[in-house]
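Novice: quick one, fold the following:
(one chain, ligands or ions: 1)
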Amino acid sequence: MHRRVVSAAPTRRQLIGGAIAGSAALALPFPTLAATGEWRLAIRNVHTNESVDTVFARDGRFVAAGIDELNHGLRDWRTGEATTMDRRLLALLVKLRERLDLPGNRKIDLISGYRSPKTNAALRSAGGSHTGVASQSQHMLGKASDIMVSGVSLDRLHGAALSLGGGGVGYYPRDGFVHVDTGRVRRW
Ligand SMILES: [Zn+2]
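Specialist: Numbers count the residues shown, from 1 in each chain. You can find the predicted model right below:
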């Protein structure tokens, strides 16, 4: 669906290069932005019921306003702190939604996105059931999200996430979500 762009304009190359700077060793190559088309994400925070529905890439370029909206939508809802989310995670969520044959405006329910050091420390000391609450949590790096999709079984969501092979996938049926991150490929 997303054609490989053979000749990239310097601006686009710069943008894509910036997105993967420092992560060349990761197994997941950054999905190539199609020369035409959009990457859209609709996300609802289940704790605040706040929704974001935005296009963050269009015609081979990232859309700064859309990226900003998603950084805000995926912020640490406990403290209000936001970070620059990994664009590969945003792309991974688009791929996941496409794998499930869902339209671009279909909301992904967000249980947890970015976690500030303060929140992560609090969750760790509380001994939460989330084994992903590690000292080097991908959530703290802006590379992880805990999600579910209304109307899609957790089992199916889990299978779709695994089939992408885009990073870490954690299954939390008791808590009702799947964890996806853009760290190295692993599962638990
Ligand atoms: Zn998680």
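Novice: where does the protein have low pLDDT?
Specialist: Scanning the chain for pLDDT under 70 picks out the ranges 1-31, 128-136.
Novice: by contact count, what packs against the one helix or strand L89 maps to?
Specialist: According to DSSP states H and E, L89 maps onto helix 87-99. Secondary structure elements in contact with helix 87-99, counted by 3 or more Cβ pairs under 8 Å, 6 or more residues apart in numbering; DSSP states H and E, are helix 10-20, strand 38-45, helix 64-73, strand 107-112, strand 144-148, helix 154-164, strand 177-181. The C-beta positions use only the backbone N, C-alpha and C, and glycine is treated the same way.
Novice: how about the contacts made by the residue of the chain found nearest the ion?
Specialist: Here the chain gets closest to the ion at one residue, H179, 3.5 Å apart by Cβ to the ion. H179 makes contacts with H130, G132, A144, S145, D146, I147, G168, V169, G170, Y171, Y172, as judged by Cβ atoms under 8 Å, 6 or more residues apart in numbering.
Novice: returning to that earlier point: in the helix holding L89, what's buried?
Specialist: R87, R88, L89, L90, A91, L92, L93, V94, K95, L96, R97, E98 (16 or more other Cβ atoms under 10 Å).
Novice: now the second one: closest residue in space that isn't a chain neighbour?
Specialist: Nearest residue to R88, sequence neighbours excluded (Cβ to Cβ, 6 or more residues apart in numbering): T182, at 4.5 Å.
Novice: report the contact partners of F177.
Specialist: With Cβ under 8 Å, 6+ apart, F177 has these contacts: I111, S112, D146, I147, M148, L154.
Novice: sorry, back to before: can I get the helix holding L89 in PDB? Just the C-alpha atoms.
Specialist: C-alpha atoms of helix 87-99 as PDB (Å, rounded to 0.1, in the frame of the first residue of the first chain):
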ATOM      1  CA  ARG A  87       7.000   8.400  14.900                       C
ATOM      2  CA  ARG A  88       7.500   4.800  14.200                       C
ATOM      3  CA  LEU A  89       5.000   4.100  17.000                       C
ATOM      4  CA  LEU A  90       2.500   6.300  15.300                       C
ATOM      5  CA  ALA A  91       3.200   4.500  12.000                       C
ATOM      6  CA  LEU A  92       2.900   1.200  13.800                       C
ATOM      7  CA  LEU A  93      -0.600   2.100  15.100                       C
ATOM      8  CA  VAL A  94      -1.700   3.000  11.600                       C
ATOM      9  CA  LYS A  95      -0.400  -0.400  10.300                       C
ATOM     10  CA  LEU A  96      -2.200  -2.100  13.100                       C
ATOM     11  CA  ARG A  97      -5.400  -0.400  12.300                       C
ATOM     12  CA  GLU A  98      -5.000  -1.300   8.600                       C
ATOM     13  CA  ARG A  99      -4.200  -4.900   9.500                       C
END
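Novice: now the angle from that helix to helix 154-164?
Specialist: Angle, helix 87-99 to helix 154-164, by axes from the mean of the first three to the mean of the last three Cα atoms, to 10 degrees: 120 degrees.
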